[in-house]
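Peer 1: got a structure for you, letters missing:
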Ligand SMILES: [Mg+2]
């Protein structure tokens, strides 16, 4: 069985842990420089659209809303704490996003698994204050759908197991447009519709060989995934509009800091390239390292760190620089690492992004220059093979401050910003 754990309204939930008085009130989190809304509590969803520019929020909605600046230091640390608790319930935890992880439950008895996950949910809430939903099934795709159900329908109590077969699964899949599935774009959806495939059930029932011939092996795998056959790795399971993850195992255990650094650099550069390819920019990145969970004889270390970018970017230099800085902070010698990864978080469309010259420390000229350099690099790498042109060492960023007027405290990582309890 595979589980997908997703933190409910993660950024809003992180803020509420330390401000219980915000519970039940509409809360929205703003992007870098307080430009637009990037996360909302349930109550805020009726009041403000995702991505809405802050200055366009109507005064009436603004009066009701609690607005905060994005506090990536806090979210990154809360994410780390949630993941650490999940590891108490299974050794097999694959980080998928800042607020989602795929869990492997191989060897766990099936009866009792739901109770195990209910307990996990309770303990995550107790340890971190974060509410999570759990979806269980035999493939990542179905686990994801199960998770969606767990979140929507309160009668599940936060944990939903979806069978790979049966009437219920059939009803859920029939109700789901193919374009809602992972990796199915609008254009692909149109081509599937021409074959009479408009819902997920129809895709599941399609002939995999035919789907492969018409489309690609990716879509063939999706057919199997919908049948409950696990055939997509977490590393390859990327929803392009949401986040981009590039990570790989070293192929052997490595305790060489140079090798780890090279891997992080390559993943960061690859992530930036993927961003440019789909016309996106990232607002933050997450860097993580893993030791081998199966080697119980070796010391384990799974650091994760989230870094906010100075401005939303798909510039290789900016992203590699941030990833290297993050690595410096979490890398510890003496461990044998198996895997390294970099994730691009909170993506936005590059062309719709507003560049406010008063907010952004990067001038138009600079931006144009870096866009040109990145385009040349992409072209050379495309023509002559990935990795032909790479960045040399990157200089540290100039010291300047983001506009984040509504920033909450970094409650969990700074001594001088710890929450204070008042006794009555
Ligand atoms: Mg979530």
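Peer 2: Ah, there it is. Worth saying up front: this structure is predicted, and the values here are computed from it rather than measured.
Peer 1: next one: phi and psi at the residue nearest to the spatial centre of the chain?
Peer 2: Among the residues of the chain, the one closest to the centroid is residue 97, at 2.4 Å (C-alpha atoms, centre = their mean). Per-residue torsions, residue 97: phi -160, psi -180 (degrees, to the nearest 10).
Peer 1: look up how far residue 205 lies from it.
Peer 2: 30 Å (C-beta to C-beta, to the nearest Å). C-betas here are computed from N, CA, C, even on glycine.
Peer 1: and for residue 125?
Peer 2: 39 Å.
Peer 1: returning to what we had before: residues in contact with the residue nearest to the centre of the chain?
Peer 2: Residue 97 is in contact with 242, 243, 245, 343, 345, counting by C-beta atoms under 8 Å, 6 or more residues apart in numbering.
Peer 1: now do it against residue 317, distance only.
Peer 2: Taking C-beta to C-beta, one finds residue 97 at 25 Å from residue 317.
Peer 1: and stretch 225-240, which residues are buried?
Peer 2: 225, 226, 227, 228, 229, 230, 231, 232, 234, 237, 238 (16 or more other C-beta atoms under 10 Å).
Peer 1: outside of that stretch, which residues touch it?
Peer 2: 2, 94, 96, 102, 137-142, 163-165, 173, 181-183, 200-201, 203-204, 221-222, 224, 244-245, 247-248, 278, 341.
Peer 1: in helices only, show me those.
Peer 2: Using DSSP state H, 140, 141, 142, 173, 200, 201, 203, 204, 221, 222, 224 are the members of the contacts of stretch 225-240 that sit in helices.
Peer 1: so the fourth one is in contact with residue 198, correct?
Peer 2: Yep, that's residue 173 we're talking about. No. Judged on C-beta atoms under 8 Å, residue 173 makes no contact with residue 198 at a distance of 11.6 Å.
Peer 1: so between those two, which is more surrounded?
Peer 2: residue 173 (21 against 16; other C-beta atoms under 10 Å).
Peer 1: per-residue pLDDT of that one, please?
Peer 2: Note on residue 173: pLDDT of 97.
Peer 1: how close does it get to residue 137?
Peer 2: In terms of C-beta to C-beta, residue 173 sits 12 Å off from residue 137.
Peer 1: right, and residue 336 touches residue 254 too?
Peer 2: Yes. Using C-beta under 8 Å, residue 336 is in contact with residue 254, at 6.6 Å.
Peer 1: and the residue of the stretch 201-350 of the chain nearest the ion?
Peer 2: Closest approach between the stretch 201-350 of the chain and the ion, counting by C-beta to the ion: residue 242, at 10.0 Å.
Peer 1: how about that residue, what does it touch?
Peer 2: Here residue 242 is in contact with 97, 347 (C-beta under 8 Å, 6+ apart).
Peer 1: pretty sure it is in a strand, no?
Peer 2: No. The assignment for residue 242 by DSSP: H, G, I helix; E, B strand; the rest coil gives coil, which leaves it out of any strand.
Peer 1: residue 221 versus that one, what's the distance?
Peer 2: Separation of residue 242 from residue 221 (C-beta to C-beta): 19 Å.
Peer 1: then residue 123?
Peer 2: Taking C-beta to C-beta, one finds residue 123 at 34 Å from residue 221.
Peer 1: more neighbours: these two, which one.
Peer 2: Each of residue 123 and residue 221 has its neighbours counted (other C-beta under 10 Å); residue 221 has more, 21 against 14.
Peer 1: please name the residues that touch that one.
Peer 2: Applying C-beta under 8 Å, 6+ apart, the residues contacting residue 221 are 231, 232.
Peer 1: where does the stretch 51-200 of the chain get nearest to the ion, which residue?
Peer 2: residue 99 (4.1 Å).
Peer 1: where does residue 294 sit: helix, strand or coil?
Peer 2: coil.
Peer 1: pull the number of nearby residues for it.
Peer 2: Counted with other C-beta under 10 Å, residue 294 comes out at 10.
Peer 1: over to the one 10 residues further on?
Peer 2: For residue 304, the count of nearby residues is 22 (other C-beta under 10 Å).
Peer 1: the nearest residue to it once chain neighbours are set aside: what's it in contact with?
Peer 2: Spatial nearest neighbour of residue 304, chain neighbours left out: residue 288 (4.4 Å); criterion: C-beta to C-beta, 6 or more residues apart in numbering. Neighbour list for residue 288: 95, 247, 302, 303, 304, 305, 340, 341, 343 [criterion: C-beta under 8 Å, 6+ apart].
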